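Novice: from the sequence below, what's the structure:
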Amino acid sequence: MRTAAAREETGPGENPGRDAGPGPEEPTSRLGRGTLLLMSVAAGLSVAGNYFAQPLLDVIGRDLHLAAGTAALVVTVAQTGYGLGLLLLVPLGDLLERRRLAVVLCALTAVFLTVTASAPNGTLLLIGTALTGLASVAAQVVVPFAATLAAPAERGRTVGTVMTGLLLGILLARTAAGLLAELGGWRTVYWVNAALMLLMALLLRLRLPTLRTTVGLRYPALLRSTLALFAHEPVLRWRAALGGLTFAGFSVLWTAVAFLLSGPAYGWQESTIGLLGLVGAAGSLAASMAGRLADRGLAHRVTGTGTVLLLASWALLAAGGTGGGWSLAALLIGVIALDLAVQAVHVSNQNLIYAVRPEARNRLNSAYMTSYFAGGALGSALTSWVWVTAGWGGVCTLGATLAGAAVVVWGMDRARNTRSTRPAGSPTA
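Specialist: Presented below is the predicted three-dimensional model:
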């Protein structure tokens, strides 16, 4: 159901030598490789600031004389700010000129990172972290922007490339934070990221075309229409459920694995644990691959394969809970498999959702990503309780349960699609 007419306008002269495209909603590609790479890097750097604190909570707490519970709030407020940004700021991409929105959000992220970096006490630290999380949804403005600039036949590959950068930002943020903290203290990583985000704002301003969507809605109506998409678009409902379940499993792993590796089974130091992000980064390769397969009309199959692989990964992760050579190998392979699976499902989800209503891509992305991160928050919350009560075995059971639910949801969605495409009067068997 389309409640508002919309059209997309691209500024003249932004990409000399390229045509504006045959239609307002499905342009031919206006993305060169350099611009696509820039958008991927910008997405990764935008979200990275929300994860720097995770391996640094102890040193931050000691430096600012914070209680352990207060220091732990840094992670919570970052995710809260990001969630509010998904709800309140990402839909603006369907109302405002998109290049300007992306540039402003990147610049604001840089400003708020400097607040965090220079915070003299816990109060300003939490304020800076929350505001950084709010503005860091620039990443979720860049993704549908790239999808719109791409030709329809290249949309999956384009989204996969940008999502590779975003995932690398999440996974490598912990590693970068640990290394830079050793060189110059915990504030260093925030100063460095602030400088990089200012650079991203400048480069995006220079390289991206202008793109405006006219939806004929005021901001309050825009927010209401974002929520209404769940009622009107079944693809969004099913894919939001899949995204929430798979990212919940992702959060289960990355919330609990540090406890496992620092415990008696492995006895690793924090700096070594941070390097596990490099292993998980191998899963980012799935994003581009899944996007290419989605471009060939195989998004549903990619999703099914991803959910089954996600379920299988928990068997490997369970075998990795005892320590030792073979156990470590199983753990590392399980980490890679899980990240591959999550990215495959995520990119195929976005490919299908963005095709539903091109004029509402930012609102669709807002609705989907809010569900996605709600699933992640639920996974983290459940993991904290399960680890205390049942250890690594309980964590793996929780992860496998979530993965099994994702397989079921995919099967139901697949059956729904099969019924909807069956010609009238055809056999039901």
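
Novice: could you use CA atoms for every contact and neighbour count after this?
Specialist: Noted.

Novice: how near is His232 to Val356?
Specialist: With the distance defined as CA to CA, to the nearest Å, His232 ends up 11 Å from Val356.

Novice: skip the chain neighbours and tell me the closest residue to Ala341.
Specialist: When the adjacent residues along the chain are set aside, Ala341 lies closest to Gly306, with 4.3 Å between them (CA to CA, 6 or more residues apart in numbering).

Novice: pLDDT value on the one you found, please?
Specialist: At Gly306, the predicted lDDT confidence score is 93.

Novice: from what I can see it touches Ala344, true?
Specialist: Yes: here Gly306 lies in contact with Ala344, judged by CA atoms under 8 Å, at a distance of 5.7 Å.

Novice: what is the longest helix of this protein by residue count?
Specialist: Looking across the chain with DSSP state H, the single longest helix is helix 361-421.

Novice: rounded mean pLDDT for that helix, please.
Specialist: 88.

Novice: could you say what helices and strands that helix packs with?
Specialist: For helix 361-421, the elements it packs on are helix 68-88, helix 138-149, helix 219-232, helix 234-262, helix 299-319, helix 325-354, judged by 3 or more CA pairs under 8 Å, 6 or more residues apart in numbering; DSSP states H and E.

Novice: pLDDT value on the nearest residue to Phe230 once chain neighbours are set aside, please?
Specialist: In this structure, Phe230 finds its nearest non-sequential neighbour in Arg237, 5.7 Å apart by CA to CA, 6+ apart. Listed pLDDT for Arg237 reads 94.

Novice: Arg237 and Ile353, how far apart?
Specialist: Arg237 sits 10 Å away from Ile353 when distances are taken as CA to CA.

Novice: neighbour-wise, which of those two wins?
Specialist: More neighbours surround Ile353 than the other of Arg237 and Ile353, with 23 against 19 (other CA atoms under 10 Å).

Novice: the more buried one contacts Val235, correct?
Specialist: Yes: the criterion here is CA under 8 Å, and Ile353 meets it with Val235 at 6.5 Å.

Novice: now the helices for the stretch 51-200 of the chain?
Specialist: Secondary structure of the stretch 51-200 of the chain by DSSP state H, counting those that start in this stretch: the helices cover 57-64, 68-88, 98-117, 122-135, 138-149, 155-184, 187-207.

Novice: now do the same contact list for Met197.
Specialist: 42, 45-46, 106-107, 109-110 (CA atoms under 8 Å, 6 or more residues apart in numbering).

Novice: which residue, other than its chain neighbours, is closest to Ala374?
Specialist: Computed as CA to CA, 6+ apart, the closest residue to Ala374 that is not its neighbour in sequence is Gly244, at 6.6 Å.

Novice: wait, the one you found sits on Gly375?
Specialist: Yes: under the criterion of CA under 8 Å, Gly244 lies in contact with Gly375, with a separation of 4.1 Å.

Novice: would you map out the domains in the chain?
Specialist: As given by automatic domain parsing, the domain ranges for the chain are 29-214, 225-419.

Novice: so for stretch 324-339, mean pLDDT?
Specialist: 90.

Novice: just stretch 35-43 next, same as before
Specialist: Stretch 35-43 comes out with an average pLDDT of 93.

Novice: just the C-alphas of it, formatted as PDB.
Specialist: Once side chains and other backbone atoms are set aside, the C-alpha atoms of stretch 35-43 remain, and they are given as PDB (Å, rounded to 0.1, in the frame of the first residue of the first chain):
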ATOM      1  CA  THR A  35      32.600   6.100  -4.300                       C
ATOM      2  CA  LEU A  36      31.200   2.700  -3.300                       C
ATOM      3  CA  LEU A  37      34.400   2.000  -1.300                       C
ATOM      4  CA  LEU A  38      34.100   5.400   0.400                       C
ATOM      5  CA  MET A  39      30.500   4.700   1.400                       C
ATOM      6  CA  SER A  40      31.600   1.300   2.800                       C
ATOM      7  CA  VAL A  41      34.400   2.900   4.900                       C
ATOM      8  CA  ALA A  42      32.200   5.600   6.100                       C
ATOM      9  CA  ALA A  43      29.600   3.100   7.300                       C
END
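
Novice: touching it from outside, list them.
Specialist: Taking CA under 8 Å, 6+ apart as the criterion, the residues outside stretch 35-43 that touch it are 138-140, 142-143, 146, 158, 161-166, 169, 197, 200, 203-204, 207-208.

Novice: can you check stretch 173-182 too?
Specialist: Under CA under 8 Å, 6+ apart, the answer for stretch 173-182 is 48-49, 51-56, 186-189, 271, 274-275, 277-278.

Novice: need the buried ones from those residues selected in ChimeraX.
Specialist: The following ChimeraX selection, which keeps only the buried ones among the contacts of stretch 173-182, applies the criterion 16 or more other CA atoms under 10 Å:
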select :48,49,51,52,53,54,55,56,186,187,188,189,274,275,277,278
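
Novice: who's Arg212 bridged to?
Specialist: The bridge-partner assignment for Arg212, based on DSSP bridges, gives Glu9.

Novice: for it, give its distance to Pro144.
Specialist: When distances are taken as CA to CA, Arg212 and Pro144 turn out to be 13 Å apart.

Novice: and the two? Which one has more around it.
Specialist: More crowded of Arg212 and Pro144, by other CA under 10 Å: Pro144, with 28 against 21.

Novice: is Thr322 in a helix, a strand, or coil?
Specialist: Under DSSP: H, G, I helix; E, B strand; the rest coil, the three-state class of Thr322 is coil.

Novice: tally of neighbours for Thr322?
Specialist: 16.

Novice: for Ala329, what are its contacts?
Specialist: Gly320.

Novice: one more: Val159?
Specialist: With contact set as CA under 8 Å, 6+ apart, Val159 has these partners: 143-144, 146-147, 288, 291, 347, 350-351.

Novice: mind redoing it with 7 Å?
Specialist: Taking CA atoms under 7 Å, 6 or more residues apart in numbering as the definition of contact, the neighbours of Val159 are 143, 146-147, 291, 347.
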